[in-house]
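Below are the sequence and a predicted model; questions follow.
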Amino acid sequence: MAKKSTRNNYLKQAGILAAAGIICRIIGILYRSPLTSIIGDEGNGYYTSAYNIYTIILLISSYSIPSAVSKIIAAKLALREYRNAHRIFFCALIYVCIIGGAASLFTFFGAGLFLEGEAAVVLRVFSPTIFLSGFAGVLRGYFQAHGSMVQTSFSQIVEQILNAVISIVAAHMLIDMVKGQGSTKEAIYGAAGSALGTGSGVAVALLFMLLVYLLNRRMLRDRIKRDRHKYTDTYGDIFRGMLSTVTPIILSTFIYNFSTSFNQTVYSKVMMNGRGLTLAETATSYGVFAGKAMVIINIPIALAASLSSAMIPAISKSSALGDRRGTREKVSNAMWTTMLIAIPCAAGLAVLSRPIMQLLFPQPDSLELASGLLMMIAVTVIFYSLSTLSNGILQGIGKVNLPVRNAAIALAVQTVLLIVLLMFTELDIYALVICLIVYSGLMCILNSFSVRRCIGVKEDFKTMFLLPAIAAALMGICAKGVYMGLNMLVESNAVCLAVSIVAAVIVYAAAALKIGAVGEEQIRIFPKGDRLVRIAKKAHLLHNKK
């Protein structure tokens, strides 16, 4: 049992990171609702537009640093080269200081190149956050390489809590400063307040990670002193190795996420120049799509992102030790776990889209549009979850160029489709939805082919997709039926939604066990798996199948 526990430790660490990610997403949704009531859909549009540009610049400068640092250092730790691992950590700090500083200055002085008029103020507020994020990312990647996600998880929760509080307070204060100067100016300054909250959260997360490092510094130094490896990597070699690893990961992550910013820019230009919409009208419609529907689907995708972060150091260690069998086992378990959760999440969001939107974003003028958008893009939870995980897998085994190629192909296809739909149809915001589905689906397919070719892992369609889909379909029928039936008796949307979600979870778990989507050996992979097996057997639900 000790051996099994060690072998599946990455899943436990991913569980910790996933829990933190989901908590952060929930906090994000909870504060977005009162924030939207303060800054409105128009302010949401300005914030999201600036945030998308900020994200792209962050991707290029430092966003991929945690993954790259954890991958490189994990390989050194597997070989017990503690001195070289620490030198890599030091070089990474220098890297983010130079690159992050340059990116921060570029964002501040070049904001007007990306956003028109006063809306550029929001992007300028984001600029210091880019510089601070790099250092926080290096510290997080350093501890992730050691197989511990606790520090990263806690820092993310602290960051999001402060982000929520400061965003609401700052948005309210800045709007009061320009009260009476027009609704558009109030919306822009409210969005700037929300951006200030993002930066404040990152600053506190950095201070926390720095404190964690200082508390562990003596232990790290003692381990370096015990390092008996004769060869010490030169800083030149480390920087060259880091650039060869970081650059493809940055390109892959950049292209993977660039579609959002690109689609926003194309949509805004066509709507304003081709359809005659005002800046406020365009920002409002885009704010409903990106500030409401997209925010919700990011909650289940957080699990795949967490698994990906945990997979990179785990696979890097297996690869460094030449353990191909262990690598395949980790990949199979992670993919199966991701689909077991992503498929029912997609089904639940689709069938309960309206009550979810009514609870979280009750603004009546945009409720129907937001609900329809969420129902349509729910399927992308499955695509994005699997493609995000497969990105991490390919990066972990050193095939960092393949995600770049796959993302570029998917981006090219969706770009042509988006231009055609916007220019020759009147789908408007729904054109973004269609392109989102096409892009995420292509990424999912291309990455899966790459993983299969490189590692030899072939998805079991029945176990990984069909059986969870059947259980999710039963769950969806139950959730919808319970909500509609209870809604005839109880007026409270929150109560009806809560009961239907609980019923959905119970039905999905029971169905997945009964039809064999989950077997005894698979349950034992999870933390407290033995206890879960005993409970399933007592309930006569366990289908004894690997």
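Everything's here; your move.

Give me the mean pLDDT for the strand or helix carrying residue 484.
According to DSSP states H and E, residue 484 maps onto helix 467-487. Per-residue pLDDT over helix 467-487 has a mean of 94.

Whichever helix or strand comes after it packs against which elements?
Of the helices and strands lying after helix 467-487 in sequence (DSSP H and E), the nearest is helix 493-514. Helix 493-514 sits against helix 324-351, helix 353-360, helix 467-487, with contacts defined as 3 or more CB pairs under 8 Å, 6 or more residues apart in numbering; DSSP states H and E. Every residue, glycine included, has its C-beta placed from N, CA and C.

The helix or strand that helix 493-514 is followed by - what's its average pLDDT?
Tracing the chain C-terminally past helix 493-514 and defining elements by DSSP H and E, one meets helix 520-523 next. Helix 520-523 comes out with an average pLDDT of 72.

Can you list the buried residues in helix 520-523?
By 16 or more other CB atoms under 10 Å, the buried positions in helix 520-523 come out as 520, 522-523.

Hey, what's the angle from the next helix-or-strand element following that helix to helix 493-514? Just curious.
Sequence-wise, the next helix or strand downstream of helix 520-523 (DSSP H and E) is helix 529-538. On the basis of axes from the mean of the first three to the mean of the last three CA atoms, to 10 degrees, helix 529-538 is oriented at 90 degrees to helix 493-514.

Quick one: mean pLDDT for helix 529-538?
Averaged across helix 529-538, the pLDDT comes to 76.

Show me what that helix is packed against.
Counting by 3+ CB pairs under 8 Å, 6+ apart, helix 529-538 packs on helix 520-523.

chain center to the helix it packs on: distance?
Distance of helix 520-523 from the chain centroid (CA atoms, centre = their mean, to the nearest Å) equals 27 Å.

related to what we said a few turns ago, please convert the helices and strands packed on helix 493-514 to CSV, extending it with mean neighbour count.
Listed next are these as CSV, based on neighbours: other CB atoms under 10 Å:
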stretch, mean neighbour count
helix 324-351, 21
helix 353-360, 20
helix 467-487, 19
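
now these as JSON lines including distance to residue 22?
Shown next, in JSON lines, are the helices and strands packed on helix 493-514 (distance: least, CB to CB, whole Å):
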{"stretch": "helix 324-351", "distance to residue 22": "10"}
{"stretch": "helix 353-360", "distance to residue 22": "15"}
{"stretch": "helix 467-487", "distance to residue 22": "18"}
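
I'd assumed residue 145 was in contact with residue 74.
Yes: under the criterion of CB atoms under 8 Å, residue 74 makes contact with residue 145 at 4.3 Å.

I'd assumed residue 266 was in contact with residue 419.
Yes: here residue 419 lies in contact with residue 266, judged by CB under 8 Å, at a distance of 6.9 Å.

Which one's more surrounded, those two?
residue 266 (18 against 14; other CB atoms under 10 Å).

and residue 228, which of the three is it?
Put simply, residue 228 is coil when judged by DSSP: H, G, I helix; E, B strand; the rest coil.

How about the contacts made by residue 327?
315, 318-319, 397, 455 (CB atoms under 8 Å, 6 or more residues apart in numbering).

now residue 442
Contacts for residue 442 (CB under 8 Å, 6+ apart) come out as 406, 409-410, 413-414.

If we go by neighbour counts, what in the one helix or strand it maps to is buried?
Element membership for residue 442 (DSSP H and E) is helix 429-455. Neighbour counts over helix 429-455 (16+ other CB under 10 Å) mark 429-444, 446-448, 450-451, 454-455 as buried.

likewise stretch 170-179?
170-171, 174-175.

so which of those residues comes closest to residue 461?
residue 171 (47.3 Å; CB to CB).

Next up, the contacts around that closest one.
Neighbours of residue 171 in contact, by CB under 8 Å, 6+ apart: 35, 38-39, 43, 190-191, 193-194, 197.

Now, these that are in helices?
Mapping these onto helices (DSSP state H) picks out 35, 38-39, 43, 190-191, 193-194, 197.

And these, which two are furthest apart?
It's 43 and 197 that sit farthest apart of the ones in helices among the contacts of residue 171, by CB to CB, at 13.2 Å.

Comparing those two, which shows the higher neighbour count?
residue 43 (30 against 23).

so the more buried one touches residue 188, yeah?
Yes: between residue 43 and residue 188 there is a contact under CB under 8 Å: 7.2 Å.

about what we covered before: can you redo the contacts of residue 442 as a markdown table with distance to residue 348 and secondary structure?
Output for the contacts of residue 442, formatted as a markdown table (distance: CB to CB, whole Å; DSSP: H, G, I helix; E, B strand; the rest coil):
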| residue | distance to residue 348 | secondary structure |
| --- | --- | --- |
| 406 | 28 | helix |
| 409 | 31 | helix |
| 410 | 26 | helix |
| 413 | 29 | helix |
| 414 | 26 | helix |
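
Throw together a ChimeraX command that grabs the buried residues out of the residues you listed.
Applying 16+ other CB under 10 Å to those leaves a buried subset, and the ChimeraX line that selects it is:
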select :406,410,414
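
Can you lay out the contacts of residue 442 as CSV showing pLDDT and distance to residue 329?
Formatted as CSV, those follow (pLDDT from 0 to 100; distance: CB to CB, whole Å):
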residue, pLDDT, distance to residue 329
406, 90, 24
409, 92, 29
410, 92, 28
413, 94, 33
414, 91, 34
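
nearest to residue 230, of the contacts of residue 442?
For these, the nearest to residue 230 is residue 406 (40.5 Å; CB to CB).

what residues are up against that closest one?
442-443, 446-447, 450.

at 7 Å instead, please
Shown in contact with residue 406 (CB atoms under 7 Å, 6 or more residues apart in numbering): 443, 446-447, 450.

nearest to residue 258, of the contacts of residue 171?
Using CB to CB, the contacts of residue 171 come closest to residue 258 at residue 191, 21.7 Å.

Using the three-state scheme, assign residue 277.
Applying three-state DSSP: residue 277 is coil.

low pLDDT regions in this protein?
By pLDDT under 70, the weakly predicted segments of the chain are 1-15, 62-67, 116-117, 256-257, 304, 306-314, 316-317, 319-321, 525-529, 543-546.

Show me it divided up by domain.
As assigned by automatic domain parsing, the chain contains the domains 11-228+235-459, 464-546.

Highest mean neighbour count out of those domains?
Among the domains of the chain, ranked by average contacts under mean count of other CB atoms under 10 Å, first place goes to domain 11-228+235-459 (a mean of 20).

still on that earlier bit, what's the farthest-apart pair in the contacts of residue 442?
Maximum distance among the contacts of residue 442 (CB to CB): 12.6 Å, for 406 and 414.

For the closest residue to residue 391 other than its chain neighbours, which residues are in contact?
Sequence neighbours aside, residue 403 is the residue nearest to residue 391 in space, at 4.8 Å (criterion: CB to CB, 6 or more residues apart in numbering). For residue 403, the contact set (CB under 7 Å, 6+ apart) comprises 252, 256, 391, 394-395, 447.

And the residue of the chain most remote from its centre, its phi and psi?
Centroid-distance maximum for the chain: residue 230 at 40.3 Å, with CA atoms, centre = their mean. Dihedral pair for residue 230: phi -80, psi -30, per degrees, to the nearest 10.

Any figure for the gap between it and residue 487?
72 Å (CB to CB, to the nearest Å).

same question, residue 294
Where residue 487 is concerned, residue 294 sits at a distance of 27 Å (CB to CB).

Kindly report the same for residue 16.
The value you get for residue 16 to residue 487, if CB to CB is used, is 37 Å.
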